[in-house]
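# Predicted model and sequence follow; I will ask about them next.
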Amino acid sequence: MDVNSKKLTFAAVCYSWAAVLIFLFGWLRWYWALVSIALSLAALYRYKRDLDRQPDREPLRVKKSVLVFLGVSMLVWLLITGSGAFFVQAFDWEKHNAILNDLIQRDWPVYYHNGEENAMLTYYVGMYLIPALFGKIFHSFRAAEIVMLCNNWIGMCLAALLLLRLLGARTAKKQIVAILVFMLFGTVAWPGQSLYDAVRIAYPNHLFQLKWAFQQTIVPWILTALFVDSEEKSEHYLFLAAPLLIHTVFGLLGIALLMLGLFGWRVVTEKDPWKCIKRAFSIPNLCAAGTMLVLFFYLSGNIFSEKPEMAGMGLSWIGRDKMAIYLIFITTFLCYSVVIFREYEKTPLYYVTNAVLLFLPFWRVGMWNDLCQRASLPAMFVLMVLVLRALFAFVRRGSTGRTAILVLLLALAAWFPIFIVLHPYYDTYAGTPLVSVDGSSRYPGESLEKYVCRDGSVRDDLAYNYYTYDYEDSVFVKYFARHEREE
C-alpha cells in the first residue's frame, strides 16, 4: 500500500493544529477569534502551498499486514497506558479525567470558584478539546473517553508512519523493528527511583511518557518528526512549533533548542547568513507567531503568577554536589551516541541533539522537574531516529560488531517498559484488576475546583499548576477571553 508523502505531512500538520483552532474559537471573544483563526488558517494555507511546490517524493510503501500491525500496536500501547480506561490508569489520570470532565460540564473558558478563591483553568488543554466536544454533544464522559482513545490512536499512527518515512524503511522487517523500537525506546538503563528522588532528573522511556503525560507526548512526537524531515527549512520552524504552546510548554522549549541549534549552525556555516535569516521571516512563521502570542497570554497567567518555590517555574541549577550523579545519568544516552558517532560525525543534527540532552539535566523547574522529563522528549525522539538509521546501515554493511552492540543497548533500554506492561499494579490502585471493560479502573472524572486553594491545605503542585488565580487582573481575561457567564 502506498502512502502519499505530501498528504501524510499535511494530515499530521492539520492534526497538530486542530486543537489550536478549537481553543481560539472556544476561548476568545468573537473578534479576537476571527483574527487569530484567520492568522492560523493563513499559516496553514501558505504551508500547504509551499508543500505543493516541492518535488514529489517517493510514497511510503507499507504492506497491509504491516499497516495492521502498526494500527494494532498503537492501540495496544494506548490501552495499556490508560487511554479509554479499559486498563488500569496511573494516578496522573486523576488530573486528566478531572480536566476532561470540567471541559465537558462547564463553559469555556473554564472558571472556578472555591470559597473566596477565583481561578481560571490554565493548562495544556490541546489533547482534551476534541474529546470534550464530543462529551458535550452526547452529554457523556464515557463517550469523551472513547473519543480521546480514538484521537490519541490517530495521532500515534501518524507519528509511527512519519517515523517509517524518516527511516526510509522499505522492507516489512525494518518497518516492524522500527515500530517495536518506537514503543520501547528509552535510555539504556533506568537510573532507579532513588536517583530520581535525589536530583529529579530523568529521560523517561516512550511508554512511560505516554502512561503519565500523553497530553504532552503525542503531538510533540509528530511535530519533531516533521521538523527532522525538513530540518533545512527554517521558513517553517515557528509554524511547526506553534501548536506545542497548547500541548506542552516544555516540549516547545525542547524542540526550540533543536531548531535554534540547527539555525545557528547554518547562520555560522553558510556563505550568505543573511539569506538564511531572511528565510525565517516567512508568512507561515509570521502568522504562526501571531497565534502564539494569544496562546502565550493565556498561559502567562499561570506561568508568571506568584507560587511557592516547589511549584514555581523558576529555573535553578542542580548544584555542584550532584555532579557525580549527573555524570552517571548522562551515560544512559551517551552510550548510544558513542556507538553511532562515526555514522554522524559530519551531521549537525547529531551534535545539536546531544548538546540538548547534555544541557537539560543541569537545570530543574517545579516540584517534579518536568523541564528535564518533557523538554527532552523531542531530542530523545531524534536520538531514536539516529539510532535506527545507524542500525539499518550497520546491518546493510555487515557491521556485525556494532549491530550487536546497538541491539544489546536497545534490549537493555526495553526492559523497563516491558516491566511496566507485565506489572499492571505499578503506581496504580492496589488490587485493581488489569482489565475493566466498563471503565471502572479509571480515576473518577471529578473537578479540579476542589484544588483551587492557596491556604496550604492542598499539595503545592495541585494547588498552583493548573490555574490562573485572580484571573480578573490577567491580560488574557481582560482583553482576549470570553466573558464569564453570570449564573
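The structure has been received and is ready for your questions.

# how close does Trp363 sit to Leu253?
Taking C-beta to C-beta, to the nearest Å as the measure, Trp363 falls 11 Å from Leu253. (Each C-beta comes from the backbone N, C-alpha and C, glycine too.)

# So these two - more neighbours on which side?
Between Trp363 and Leu253, counting by other C-beta atoms under 10 Å, Leu253 is the more crowded of the two (18 against 15).

# what does the model give the closest residue to Val365 other than its chain neighbours for pLDDT?
Distances taken as C-beta to C-beta, 6 or more residues apart in numbering place Leu371 nearest to Val365, at 3.9 Å, with adjacent residues excluded. Leu371 is assigned 82 on the pLDDT scale.

# Give me the contacts around the strand or helix carrying Leu371.
Using DSSP states H and E, Leu371 falls within helix 370-375. If you take C-beta atoms under 8 Å, 6 or more residues apart in numbering as the criterion, helix 370-375 is touched by 200-204, 209, 213, 216, 248, 250-251, 253-254, 257, 315, 360-361, 363-365.

# How about stretch 103-117?
Counting by C-beta under 8 Å, 6+ apart, 26-27, 102, 118-121, 125, 128-129, 132, 135-136, 141, 144, 447-450, 452-454, 467, 469, 471, 477, 481-482, 484-485 sit against stretch 103-117.

# Identify the residues contacting the closest residue to Phe476 other than its chain neighbours.
Spatial nearest neighbour of Phe476, chain neighbours left out: Phe297 (4.4 Å); criterion: C-beta to C-beta, 6+ apart. Phe297 makes contacts with 475-476, 479-480, as judged by C-beta under 8 Å, 6+ apart.

# Next, the contact list for Lys6, please.
51-52, 54, 56-57.

# ok, of those, which come out buried?
Buried by 16 or more other C-beta atoms under 10 Å: Leu51, out of those.

# want to try CSV for the contacts of Lys6, with secondary structure as columns?
CSV is the format used below for these (DSSP: H, G, I helix; E, B strand; the rest coil):
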residue, secondary structure
Leu51, helix
Asp52, helix
Gln54, coil
Asp56, coil
Arg57, coil
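
# quick check, nearest of the contacts of Lys6 to Phe91?
Here the nearest of the contacts of Lys6 to Phe91, counting by C-beta to C-beta, is Leu51; it sits at 41.6 Å.

# helix or strand for the closest residue to that closest one other than its chain neighbours, which one?
Nearest residue to Leu51, sequence neighbours excluded (C-beta to C-beta, 6+ apart): Lys6, at 5.6 Å. In this structure, Lys6 sits in helix 5-27 according to DSSP H and E.

# Can you give me the buried ones in that helix?
Buried residues in helix 5-27, counted by 16+ other C-beta under 10 Å: 5, 8-13, 15-24, 26-27.

# So Tyr479 versus Leu293, what's the distance?
Counting by C-beta to C-beta, the gap between Tyr479 and Leu293 amounts to 12 Å.

# More neighbours: the two, which one.
Each of Tyr479 and Leu293 has its neighbours counted (other C-beta under 10 Å); Leu293 has more, 13 against 10.

# residue ranges with poor pLDDT in the stretch 301-450 of the chain?
Within the stretch 301-450 of the chain, the stretches with pLDDT under 70 are 308-322, 366-368, 420-445.

# give me that answer again for 50
The stretch 301-450 of the chain contains residues with pLDDT under 50 at 425-441.

# quick one, helices of it?
Counting by DSSP state H, counting those that start in this stretch, residue ranges of the helices within the stretch 301-450 of the chain are 323-339, 341-344, 348-359, 370-375, 377-397, 400-422.

# which parts of the shortest one are buried?
Using 16+ other C-beta under 10 Å as the test for burial, helix 341-344 gives 343-344.

# Could I get the contacting residues of Ser282?
The contact partners of Ser282, by C-beta under 8 Å, 6+ apart, come to 46, 235-236, 239.

# For those residues, pick the one with the most neighbours.
Top of these by neighbour count (other C-beta under 10 Å): Phe239, with 29 neighbours.

# quick one, phi psi at that one?
Torsion angles at Phe239 (phi, psi; degrees, to the nearest 10) stand at phi -60, psi -40.

# Compute the inter-axis angle for the helix or strand where Gly264 lies and helix 348-359.
According to DSSP H and E, Gly264 maps onto helix 249-269. Counting by axes from the mean of the first three to the mean of the last three C-alpha atoms, to 10 degrees, helix 249-269 points 130 degrees away from the direction of helix 348-359.

# So for the residue nearest the centre of the chain, what's the nearest residue that isn't a sequence neighbour?
The residue lying closest to the centre of the chain (C-alpha atoms, centre = their mean) is Thr217, at 2.8 Å. Leaving out its chain neighbours, the residue that sits closest to Thr217 by C-beta to C-beta, 6+ apart is Gln209, at 4.6 Å.

# Quick check: which element contains the one you found?
Secondary structure assigned from DSSP H and E places Gln209 in helix 206-213.

# just checking, what packs against the very next helix or strand once past that helix?
Using DSSP H and E, the helix or strand that follows helix 206-213 towards the C-terminus is helix 218-229. Judged by 3 or more C-beta pairs under 8 Å, 6 or more residues apart in numbering; DSSP states H and E, helix 218-229 is in contact with helix 5-27, helix 126-138, helix 141-167, helix 237-241, helix 249-269, helix 377-397.

# quick one, the fifth one and helix 218-229 angle?
Here helix 249-269 runs at 10 degrees with respect to helix 218-229, directions being taken by the same axes, to 10 degrees.

# Give the next helix or strand downstream of helix 249-269.
Sequence-wise, the next helix or strand downstream of helix 249-269 (DSSP H and E) is helix 273-280.

# What average pLDDT does that next one get?
pLDDT averaged over helix 273-280 gives 87.

# just checking, what packs against that helix?
Secondary-structure packing of helix 273-280 (3+ C-beta pairs under 8 Å, 6+ apart): helix 249-269.

# Report the distance from the helix it packs on to the chain centre.
What separates the centre of helix 249-269 from the centre of its chain is 16 Å, taken as C-alpha atoms, centre = their mean, to the nearest Å.

# got the CA coordinates for the helix or strand hosting Leu103 in PDB?
Element membership of Leu103, judged by DSSP H and E, is helix 93-105. The C-alpha coordinates for helix 93-105 follow below in PDB (Å, rounded to 0.1, in the frame of the first residue of the first chain):
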ATOM      1  CA  TRP A  93      -5.200  10.300  35.200                       C
ATOM      2  CA  GLU A  94      -7.000  11.800  38.100                       C
ATOM      3  CA  LYS A  95      -5.900  15.100  36.700                       C
ATOM      4  CA  HIS A  96      -6.500  14.100  33.100                       C
ATOM      5  CA  ASN A  97     -10.100  13.000  33.900                       C
ATOM      6  CA  ALA A  98     -10.800  16.000  36.000                       C
ATOM      7  CA  ILE A  99      -9.800  18.400  33.300                       C
ATOM      8  CA  LEU A 100     -11.700  16.400  30.700                       C
ATOM      9  CA  ASN A 101     -14.800  16.500  32.900                       C
ATOM     10  CA  ASP A 102     -14.600  20.200  33.600                       C
ATOM     11  CA  LEU A 103     -14.200  20.900  29.800                       C
ATOM     12  CA  ILE A 104     -17.400  18.800  29.200                       C
ATOM     13  CA  GLN A 105     -19.500  20.200  32.100                       C
END
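
# Tell me the buried residues in it?
By neighbour count on 16+ other C-beta under 10 Å, the buried set for helix 93-105 is 93-104.

# Which helix or strand lies directly C-terminal to it?
As assigned by DSSP H and E, the chain's next helix or strand after helix 93-105 is strand 111-114.
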